[in-house]
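Undergrad: Got a predicted structure plus its sequence, pasted below:
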Amino acid sequence: MSRTHSILTRWLGVGLATVLAVVTLALAITGRLGLYINPDSTWFAVGMALFLVAGAIGSFLLPLGAEEEHGHDHGDGDGDGHDDEHDHAAAHRQHPVAAVATATGGVIASAVVLLVLLLPPTSLSAELALSRDIGAAPLFAGADVVNLASSGDTATFGVGEWSAVFASTTNPEAFDGAPVELTGFVTPADDGDFDLTRLVITHCVIDAQPASIPVVGDGGPDTGQWVTVTGTVRSSSDGRLAIDATTVEVIDEPEDPYEY
């Protein structure tokens, strides 16, 4: 096997995994790993990253190409040497389609890893939230959210919990007059002046779901702008709930832009 092929093989295995592990550790140290995963999973991500780094260090104890040689039967020395060499070469020979697939996959995987390494960490955009909004009740909300809200214990509710209440309550009058102070970004509304939106993640940003609640007042800032809304929950004559805003304060994106 050529030295170049051995280097490429190691890069596609140990190299890519090590880069991702180092990026994960760097994000954890700088407090930005929460832009990608639920903070409750940080310990697992960091643990796996440390395991990968330890494995990468151990891999340098192996000579290049050793992983390809492992497991090959080179015979007991009684056969024809030419046949052994032929069998050995055949074992390493790839079908052209498999070779192309390997090369394509390697280029794509390398590009993704290098983009993760080079691009600064950033939160998901309002445009993505809009693209994932299918108009259905939030899947992350359980029945206990509405039951808890009915007891009046809403002090810790975020946009996600309130959106579940707004979407599923059968007694909207029970929440009329409830004070709220919520932070999110502005998205266009079907009812009200704008929607206050937040992305809610269960495990990582791949499963992020938008949660939105309508706000009425004196209009709203531009789409995507982060705001803190202070106001009161109001029930309309047709049973719809909305936030009657007292103040809408424009703010910078918070350090932790997601709800969990």
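TA: Great, that's in hand.

Undergrad: Show me where the chain has its strands.
TA: Remark: strands assigned in the chain by DSSP state E are 179-187, 194-200, 209-216, 226-235, 241-250.

Undergrad: Can you get me a residue count around residue 26?
TA: Residues lying near residue 26 (other C-beta atoms under 10 Å) number 14. Every C-beta, even on glycine, is put in place using the N, C-alpha and C of the backbone.

Undergrad: contact partners of stretch 41-48?
TA: 21, 24, 25, 28, 33, 34, 37, 203, 204 (C-beta atoms under 8 Å, 6 or more residues apart in numbering).

Undergrad: nearest to residue 51, of the strands of the chain?
TA: Comparison of these against residue 51 by C-beta to C-beta identifies strand 194-200 as nearest, at 29.5 Å.

Undergrad: Could you list every helix and strand that the closest one packs against?
TA: Using 3 or more C-beta pairs under 8 Å, 6 or more residues apart in numbering; DSSP states H and E, the elements in contact with strand 194-200 are helix 126-132, helix 159-168, strand 179-187, strand 209-216.

Undergrad: which stretches of the stretch 151-260 of the chain have low pLDDT?
TA: Along the stretch 151-260 of the chain, segments meeting pLDDT under 70 span 151-153, 192.

Undergrad: and the strands of the chain as CSV, adding distance to residue 104 and mean neighbour count?
TA: Below are these laid out as CSV (distance: least, C-beta to C-beta, whole Å; neighbours: other C-beta atoms under 10 Å):
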stretch, distance to residue 104, mean neighbour count
strand 179-187, 38, 20
strand 194-200, 32, 25
strand 209-216, 32, 24
strand 226-235, 40, 18
strand 241-250, 46, 18
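
Undergrad: Nearest to residue 164, out of the ones you listed?
TA: strand 209-216 (7.6 Å).

Undergrad: Using PDB, list the CA coordinates for that closest one.
TA: Provided in PDB are the C-alpha atoms of strand 209-216 (Å, rounded to 0.1, in the frame of the first residue of the first chain):
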ATOM      1  CA  GLN A 209     -38.800  22.900  16.800                       C
ATOM      2  CA  PRO A 210     -40.200  26.400  16.600                       C
ATOM      3  CA  ALA A 211     -42.600  27.600  19.400                       C
ATOM      4  CA  SER A 212     -44.600  30.800  18.700                       C
ATOM      5  CA  ILE A 213     -47.200  32.800  20.500                       C
ATOM      6  CA  PRO A 214     -49.100  35.800  19.100                       C
ATOM      7  CA  VAL A 215     -48.400  39.300  20.500                       C
ATOM      8  CA  VAL A 216     -50.700  42.300  20.100                       C
END
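
Undergrad: Partner strands of that strand, with direction?
TA: strand 194-200 (antiparallel), strand 241-250 (parallel) (DSSP bridges).

Undergrad: Show me the one of those strands that comes nearest residue 218.
TA: It is, among these and with distance given as C-beta to C-beta, strand 241-250, at 7.8 Å.

Undergrad: tell me the angle the closest one makes with strand 226-235.
TA: 150 degrees (axes from the mean of the first three to the mean of the last three C-alpha atoms, to 10 degrees).

Undergrad: Redo the helices and strands packed on strand 194-200 as CSV? Include distance to residue 14.
TA: As requested, those are exported to CSV (distance: least, C-beta to C-beta, whole Å):
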stretch, distance to residue 14
helix 126-132, 33
helix 159-168, 40
strand 179-187, 40
strand 209-216, 35
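
Undergrad: out of these, nearest to residue 258?
TA: Closest approach to residue 258 among these is made by helix 159-168 (9.5 Å; C-beta to C-beta).

Undergrad: which of the residues in that closest one are buried?
TA: Buried residues in helix 159-168, counted by 16 or more other C-beta atoms under 10 Å: 159, 160, 161, 162, 163, 164, 165, 166, 167.

Undergrad: Make sure residue 193 is actually in contact with residue 216.
TA: Yes. Between residue 193 and residue 216 there is a contact at 5.6 Å, judged by C-beta atoms under 8 Å.

Undergrad: give the contact list for residue 222.
TA: residue 186.
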